[in-house]
Structure formats: structure tokens, C-alpha cells
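Novice: All I have is the shape, not the residue letters:
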Ligand SMILES: *Cc1c(COP(=O)(O)O)cnc(C)c1O
């Protein structure tokens, strides 16, 4: 879809800025295809049949304890209530822990157990095994909202949220790592607000889901499409390796102009 509408994006990612004006129907159709591919893969891996019309959240990353994979399960009754209001809610998890990270591995076990306990006919939670690049690509393109719940200030970056943004998938995340810069509230996604403890931050997550994400998804498909375009235009055009390497080169590796200017200024000062 991007190749058709913004072919120059492959040469220079800055052109993704033009995504602000993408034809909404084409973009929504491309997302629907990505969602179908993901749900087909989930079906073949787990046997679980998910509904392409239902709001689908993604959470996939290295399972380190600071990322708090179980934060969404803090108040299961509340999550079920939101699923009922949304006419269904699907949550897809994936991620491995380091082989020597025992607390991380225990956390995966807890997510799998909680998922089985909490799931019902409206709330479906699935944990996919063998998270790797191929599944990462399917997930960041195929879910509707990308979730990240790190404990501040431990998230260095959170690159999966950037991959989601390139696919027009907004984030609902703690303001840590890249999301401090990438979040424009209601425009590129939503912030989970800081709280004094996990319970308070989980409460903010539920509140944003209930009052911002679900109503927009259910009642305002045009506004949702605009949000997807914003996400590619603002964040896809900026959070990419093209821009990163350019800035490293100019600002850090070869800041030639800067050096020359400083020298001239020093000489002027000494003179
Ligand atoms: C993107 C990706 C990661 C890193 O995700 P973060 O959000 O930076 O934690 C790890 N593993 C795979 C397979 C990925 O695709």
C-alpha cells in the first residue's frame, strides 16, 4: 500500500511524512489484510479462532520483569467488563525470557495461567510460542493497538512500538523509552499515566482503554483511520534507521561544521 502511494519511502523514510494524506479506505484495507494474516497464523499455531472484527491488542517482547507483562491482569474483572463494553477483546502475547532469567520465565508461566483463567467467550487471551522476527513482523502489523507497560525508567527504547507505528498501529504505553517522544495523546496513540504503584498504573491503562481506545474503535472508524495515518506520518517518518544513521553521522561521528564553527568562535574570542 505504501509502495503504491508513497514509493519514495523505500529510498528515504522521511517521505513517510506524506502518509498524513493516505487514502483511508486503502489503508484500512491493508491493515485488515495484515490482521487476517496474523489471525491465520495464530489459528495454525494455537488452534484458537479469533475474530477479525474484534479489537485486538498486542504485547510481544523479551520477557524481562521490568516490562510487567501481567500488568493488564491486575484487575481481571475490570478487563472482562471492558471486553463486554467493547463487544469482545482479544489480547495476543508473545516473547521469550533469557534462559538464565528465572523470574522472567516464571512471569511467562504466570501470563499463560492468568490467560487461561481470565479468558471467556468475550475476552480471548493467547500466548504464542517462539517469538522471532517473522512473528514480530506479523504481530506489529496485524494487531490494532500495541501495548507496552514497562516500569519507569527502565525501558531504553521499546523498538516494537516503532515497528507498529510504521504499520499504522498506535501504541498505548507507559511514557518511557521512545514513547516519551513518540506519544501525541489521541493523535499517535495514548499514554498510560504514571502512578504511585502498579495498581494505579493498571487503573490508568483500563481507563484509557475504556474511555479512549474502545469508543474510537467501535464508533469512529474514520477517526481511527486518521489516527493510523498520523502514526505513520509522525512516527514512521522519524523513528527509523535512515534518520538515526543520518543524525549519528551529522551530530556525533562527523560534526565537521560544528567543529569549524567552534574553532572560528574560539579564534575570534582569543583574538
Ligand atoms: C522488535 C523485536 C524485539 C524488541 O522489542 P522491544 O519492544 O524493543 O522490546 C525483540 N524480539 C523480536 C523478535 C522483535 O521483533
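Specialist: Structure received. As the structure is a computational prediction, the values presented were derived from the model and not from experiment. Residues are numbered from 1 along each chain as shown.

Novice: tell me which element the residue nearest to residue 138 when sequence neighbours are not counted is part of?
Specialist: Of all residues not flanking residue 138 in the chain, residue 38 sits nearest, at 4.8 Å (CB to CB, 6 or more residues apart in numbering). Glycine gets a C-beta too; all of them are placed from N, C-alpha and C. Following DSSP states H and E, one finds residue 38 within helix 24-46.

Novice: separation between residue 171 and residue 196?
Specialist: Distance, residue 171 to residue 196, by CB to CB, to the nearest Å: 23 Å.

Novice: and the two? which has more neighbours close in?
Specialist: For residue 171 versus residue 196, the count of surrounding residues by other CB atoms under 10 Å is larger for residue 171: 27 against 7.

Novice: Let me see the contact set for the closest residue in space to the more buried one that isn't next to it in sequence.
Specialist: The spatial neighbour of residue 171 that comes closest, neighbours along the chain excluded (CB to CB, 6+ apart), is residue 189 at 4.1 Å. Contacts for residue 189 (CB atoms under 8 Å, 6 or more residues apart in numbering) come out as 145-146, 170-173, 179, 182-183, 227, 231.

Novice: Centre of the chain to whichever helix or strand comes after the helix holding residue 38, how far?
Specialist: Sequence-wise, the next helix or strand downstream of helix 24-46 (DSSP H and E) is strand 56-60. Between the centre of strand 56-60 and the centre of its host chain there is 8 Å, according to CA atoms, centre = their mean, to the nearest Å.

Novice: got a list of contacts for strand 56-60?
Specialist: Under CB under 8 Å, 6+ apart, the answer for strand 56-60 is 35, 50, 69, 72, 89-95, 128, 131, 135-136, 139-140, 142-149, 160, 164, 169, 172.

Novice: if we can go back for a sec, residues in a beta bridge with the residue nearest to residue 171, which ones?
Specialist: residue 171, residue 185 (DSSP bridges).

Novice: Tell me the spacing between it and residue 140.
Specialist: In terms of CB to CB, residue 189 sits 13 Å off from residue 140.

Novice: Pull the number of nearby residues for the residue in the chain positioned nearest to the ligand.
Specialist: Closest contact between the chain and the ligand, by CB to the nearest ligand atom, is at residue 136 (2.5 Å). Residues near residue 136, counting by other CB under 10 Å, number 18.

Novice: So it sits against residue 160, correct?
Specialist: Yes: when contacts are counted by CB atoms under 8 Å, residue 136 is listed as touching residue 160 (6.8 Å).

Novice: Mind checking which of the contacts of strand 56-60 are in strands?
Specialist: In strands, defined here by DSSP state E, the members of those are 89-94, 128, 145-148, 172.

Novice: Filter these down to the buried ones.
Specialist: Neighbour-count burial (16 or more other CB atoms under 10 Å) applied to the ones in strands among the contacts of strand 56-60 gives 89-94, 128, 145-148, 172.

Novice: These into TSV, with extra columns for distance to residue 16?
Specialist: Shown next, in TSV, are these (distance: CB to CB, whole Å):
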residue	distance to residue 16
89	30
90	28
91	28
92	25
93	28
94	26
128	28
145	20
146	17
147	23
148	22
172	22
